[in-house]
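> fold the following, please.
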Amino acid sequence: MLTGYSASQLLGPVPGSLHPSPGPREQAEAATPAPQLASAPAVTGMAGVEAVFASRSEFASRVELRALLDGVGMIGPAGLSLNLICQQVPDQYLVGHLARGNAAHLLGP
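Model (predicted):
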């Protein structure tokens, strides 16, 4: 929706805004490097984990949900995962998934 902008640009202070300068705590947090993603080839014994995301928004921006669901026989999301499917996967895709003989167990909170 807002392509071309990083998360820090979107969530940071507005240039020239009336917000006060960051204090020592905010400056220390800004200086802390962001955690790096772990992946299965670099980390052994992770039960098939391919990537770790720091936030749901980071996951949503880097993973195409329909591509993730293609080829699976059963979709079984719960909680926030169900929310992502409801918001980002078209109804026609889910109906097609079921029409091909696949299953979906959608578990709400």
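> what's the following helix or strand after the worst-scoring helix or strand of the chain on mean pLDDT?
Within the chain, confidence by mean pLDDT, DSSP states H and E is lowest for helix 24-31 among all helices and strands, at a mean of 62. Sequence-wise, the next helix or strand downstream of helix 24-31 (DSSP states H and E) is helix 56-62.
> other SSEs contacting the next helix or strand after that following helix?
Downstream of helix 56-62, the first helix or strand assigned by DSSP H and E is helix 65-69. Applying 3 or more Cβ pairs under 8 Å, 6 or more residues apart in numbering; DSSP states H and E, one finds that helix 65-69 makes contact with helix 80-88, helix 91-99. Where you see a C-beta, it was placed from the backbone N, CA and C, and this is true even at glycine.
> now for the helix or strand that the last one is followed by, which elements pack on it?
So that's helix 91-99. Tracing the chain past helix 91-99, the next element assigned as helix or strand by DSSP H and E is strand 103-104. If you count contacts as 3+ Cβ pairs under 8 Å, 6+ apart, strand 103-104 packs onto strand 74-75, helix 91-99.
> what's the mean pLDDT across the shortest one?
In other words, strand 74-75. The pLDDT scores in strand 74-75 average 86.
> related to what we said a few turns ago, of the helices and strands packed on helix 65-69, which approaches D70 most closely?
With respect to D70, and counting by Cβ to Cβ, the nearest of the helices and strands packed on helix 65-69 is helix 91-99 at 9.1 Å.
> and among the helices and strands packed on strand 103-104, the most buried is which?
Highest mean neighbour count of the helices and strands packed on strand 103-104: strand 74-75, a mean of 14 (counted as mean count of other Cβ atoms under 10 Å).
> now A54: how far from S8?
Separation of A54 from S8 (Cβ to Cβ, to the nearest Å): 13 Å.
> thank you, goodbye.
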